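Build me a model:
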Amino acid sequence: MPNLHAVLSAVNAGAGYSVLPRSPCQEYLDSGRLVRLHAPEEPPLNTLFLVQRPGSDTNPDVARVREHLRAAARGW
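Residues are numbered from 1 along each chain as shown. The predicted model follows:
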């Protein structure tokens, strides 16, 4: 499948089951179109990495966005 939305669409159409993040599925779960099959006591962590292309740190706009993301991530 090319992306998570395609997987979600396929499962919603009856193509079996999948492991998907809650955020794209929430509407389907709320409406009863999909059913959550497993609810672990401690959900898995989603590790995110903030990356940039080499050499882009000289661009002040890139640096500004990077610092904003770093500051915001402290509260995630």
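
if I pick the spatially most central residue of the chain, what's in contact with it?
In the chain, the centroid-proximal residue (CA atoms, centre = their mean) is residue 21; its distance is 6.1 Å. Contacts were defined as CB atoms under 8 Å, 6 or more residues apart in numbering; by that measure residue 21 touches 4, 46. C-beta coordinates here come from the backbone N, C-alpha and C atoms, glycine included.

where does it fall, phi/psi-wise?
Backbone dihedrals for residue 21, given as degrees, to the nearest 10, come out at phi -60, psi 150.

Tell me the confidence at it?
You'll see residue 21 listed with a pLDDT of 87.

List the buried residues of the helix or strand bottoming out on mean pLDDT in the chain.
Least confident helix or strand, the chain: helix 60-73 with a mean of 89, by mean pLDDT, DSSP states H and E. Applying a neighbour-count criterion of 16 or more other CB atoms under 10 Å, one finds residue 66 buried in helix 60-73.

Only alpha carbons, please: show it as CSV.
Included here for helix 60-73 are C-alpha records, laid out as CSV according to Å, rounded to 0.1, in the frame of the first residue of the first chain:
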residue,chain,number,x,y,z
PRO,A,60,18.1,31.2,8.9
ASP,A,61,14.5,30.1,8.0
VAL,A,62,15.5,26.4,8.5
ALA,A,63,17.2,27.2,11.8
ARG,A,64,14.1,29.1,13.0
VAL,A,65,11.7,26.3,12.2
ARG,A,66,14.1,23.7,13.7
GLU,A,67,14.3,25.7,17.0
HIS,A,68,10.5,26.1,17.1
LEU,A,69,10.1,22.4,16.6
ARG,A,70,12.6,21.6,19.3
ALA,A,71,10.9,23.9,21.8
ALA,A,72,7.5,22.5,21.0
ALA,A,73,8.7,18.9,21.2
